[in-house]
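Novice: Here's a sequence, model it:
(one chain, ligands or ions: 1)
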Amino acid sequence: TGLYCLIGDPVEKSLSPEIHNLSFKLNGIDGAYLALRVKPQDLGEALGGVRALGIKGINVTIPHKVEILKYLDELDEEAELLGAVNTVKNVDGKLKGYNTDGRGFVELLRSSGVELKGKRVLMLGAGGASRAIAISLGLEGVSEICVFNRTEEKSKALAEEISSKIQGVSAVYKLSDPKNYDLAINCTSVGMHPDVSRVPFDVELLSEHCIVADIVYKPLRTEFLARAEARGLKIVEGLGMLINQALLSEEIWTERDIEKEKVLEEFKKR
Ligand code: ATR
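Specialist: Modelled structure (predicted):
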């Protein structure tokens, strides 16, 4: 049996163990996944433990995503660009870091037939999730990213970072006409349980071809998505993104194609 785990602090509320153990079962993978609380000062020792115990893969969450870089032997391109890791693969004691936070979203869109090249994107929020998704979208060749955030200082900093790291993307922090965007993504916590009636942006202002996505998955159908759907816009649910980024980690660890749709469907039934 291959052992896999999440390390972070806190980890109690994480859905990762449920998602991975369900996927192991559905995809016929002989594995077991646990969430382990690791305090910041113990990170180095914990990774020594990963090597010593032959744990095959780990996910990394707050507060270790950046700190872990100094303990890894290798980084893939996207993790390097982001300077943050959420997935580590252990190959004979060599630890390689990856980041699937943004790619989970990008691949979900791609699998539902959405073309991203040349598209204009409205990012709501300028935190960690926003940054990961914006960088992945930049690598996919979107033409414009507008980072729109409550605190303008942070949107400005993120827009500047995107411009400096990715060529060919125009990254701005001043909103132009909302009708200009092809994709609007909520990367804030607005609308999350228990404040379920709040929305991060007025969907009535968006164009009728705009795709609307939300990283919030509790509730599954946020008010933002519900209003977009009522207007007839295509929507992308946060749970799909969460499960996709988890299963991309699994593909990295096992070098197998994982049936993502099946896991999402079964997970919703639980
Ligand atoms: P994550 O890692 O999930 O992105 P984060 O880095 O804490 O979390 O970022 C949270 C984002 O949600 C930020 O953009 C934050 O806006 P500020 O930069 O102004 O703090 C945004 N956010 C959180 N609560 C919000 C609220 N009530 N209204 C608007 N934006 C909010």
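
Novice: Can you name the residue of the chain nearest the ligand?
Specialist: residue 127 (2.0 Å; Cβ to the nearest ligand atom). For glycine as for every other residue, the C-beta is placed from the backbone atoms N, C-alpha and C.

Novice: List, one by one, the residues from the stretch 151-270 of the chain near the ligand.
Specialist: Proximity of the stretch 151-270 of the chain to the ligand (Cβ under 6 Å from any ligand atom) is limited to residues 151, 154, 187-190.

Novice: number of nearby residues for the residue of the chain closest to the ligand?
Specialist: Here the count is done by other Cβ atoms under 10 Å, and residue 127 has 15 residues near it.

Novice: Got phi/psi on the spatially closest residue to it that is not a sequence neighbour?
Specialist: Sequence neighbours aside, residue 187 is the residue nearest to residue 127 in space, at 6.7 Å (criterion: Cβ to Cβ, 6 or more residues apart in numbering). Here is the backbone geometry of residue 187 (degrees, to the nearest 10): phi -110, psi 20.

Novice: close enough to count as contact, residue 187 and residue 129?
Specialist: Yes - here residue 187 reaches residue 129: they are 4.6 Å apart, a contact under Cβ atoms under 8 Å.

Novice: Those two - which one has more neighbours?
Specialist: The neighbour count for residue 187 versus residue 129, taken as other Cβ under 10 Å, is higher for residue 187 (26 against 21).

Novice: Now do the same contact list for that one.
Specialist: Going by Cβ atoms under 8 Å, 6 or more residues apart in numbering, residue 187 touches 123-127, 129-130, 133, 215.

Novice: Now the two most distant members of these.
Specialist: By the measure Cβ to Cβ, 126 and 215 form the most distant pair in those, at 13.0 Å.

Novice: give the contact list for residue 270.
Specialist: 18, 22.

Novice: could you redo the last one with a cut-off of 7 Å?
Specialist: For residue 270, the contact set (Cβ atoms under 7 Å, 6 or more residues apart in numbering) is empty.

Novice: For residue 263, see how far away it is.
Specialist: 11 Å (Cβ to Cβ, to the nearest Å).

Novice: got it, and residue 175?
Specialist: 36 Å.

Novice: More neighbours: these two, which one.
Specialist: residue 263 (23 against 15).

Novice: So the more buried one, which state does it fall into?
Specialist: At residue 263, secondary structure determined by DSSP: H, G, I helix; E, B strand; the rest coil is helix.
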